[in-house]
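>>> sequence-free structure coming up:
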């Protein structure tokens, strides 16, 4: 992953791709999270393959794209007709393809990012102010996407918090199976203790997020965590 989908941490893809290239290994990165939020240039990354997902940059769900460096040959995903240059048989959706193209063109303008990051950082500051040591930041403090804030509410269950405030659209990396709360594999791999990791919630800001939106989320959190 170019950037982790739960914490927003940006990985050193350039270094990884360089190591792979030195050993003659093709290198692919999943850039679904990063495209449209940070500058993403395949030549600078040094990757051979890069994939994106439309719904992560305001295109409809159900469309994506794969960059293939010139000279790289792949086996077809679906054999049959010659659609997608012989890579995937089946009629394409022209509507979805046009929508993705338009979304990508718009995504090249990153002028909104500084304000989005300011709001993200403001949100974190306000969370610390309101909840003190009861809230913990997950992921790299600096090297992360400007829209992503993954925090844990210590001693609480993230899924329960979200269930108590349906007005807020956020997500949690933990899953509940048969009444048992499981820690997100991402947070577990980071060495985060279960009593902290199970309280994780990912808040994602976007182009249209306002300071009023952040204030509303804080009010809901104060109500639920009182």
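Okay, I see it. All figures in this text were calculated on a predicted structure; none of them were measured in a lab. Numbering: from 1, shown residues only.
>>> Mark out where each domain of the chain begins and ends.
The record's domain split for the chain, according to automatic domain parsing, is 13-107, 113-225.
>>> I'd like those domains laid out as a markdown table, including mean pLDDT and mean neighbour count.
C-beta here means a position set from N, CA and C on the backbone, and glycine is covered the same way. Shown next, in a markdown table, are the domains of the chain (pLDDT from 0 to 100; neighbours: other Cβ atoms under 10 Å):
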| stretch | mean pLDDT | mean neighbour count |
| --- | --- | --- |
| domain 13-107 | 94 | 15 |
| domain 113-225 | 93 | 16 |
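>>> Tabulate these in JSON lines, adding columns for distance to residue 7.
What follows is the domains of the chain, written out as JSON lines (distance: least, Cβ to Cβ, whole Å):
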{"stretch": "domain 13-107", "distance to residue 7": "10"}
{"stretch": "domain 113-225", "distance to residue 7": "3"}
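>>> For the protein, which segments are assigned as helices?
Under the criterion DSSP state H, helices of the chain are mapped to 13-22, 42-45, 83-86, 94-107, 113-131, 158-163, 185-189, 194-197, 211-225.
>>> could I get the ones you listed as JSON lines with distance to residue 33?
Below are the helices of the chain laid out as JSON lines (distance: least, Cβ to Cβ, whole Å):
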{"stretch": "helix 13-22", "distance to residue 33": "12"}
{"stretch": "helix 42-45", "distance to residue 33": "14"}
{"stretch": "helix 83-86", "distance to residue 33": "24"}
{"stretch": "helix 94-107", "distance to residue 33": "13"}
{"stretch": "helix 113-131", "distance to residue 33": "14"}
{"stretch": "helix 158-163", "distance to residue 33": "19"}
{"stretch": "helix 185-189", "distance to residue 33": "12"}
{"stretch": "helix 194-197", "distance to residue 33": "20"}
{"stretch": "helix 211-225", "distance to residue 33": "21"}
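>>> which one of those lies closest to residue 204?
Among these, the nearest to residue 204 by Cβ to Cβ is helix 113-131 (9.2 Å).
>>> on contacts alone, who are the packing partners of the closest one?
Using 3 or more Cβ pairs under 8 Å, 6 or more residues apart in numbering; DSSP states H and E, the elements in contact with helix 113-131 are strand 135-137, strand 148-153, helix 211-225.
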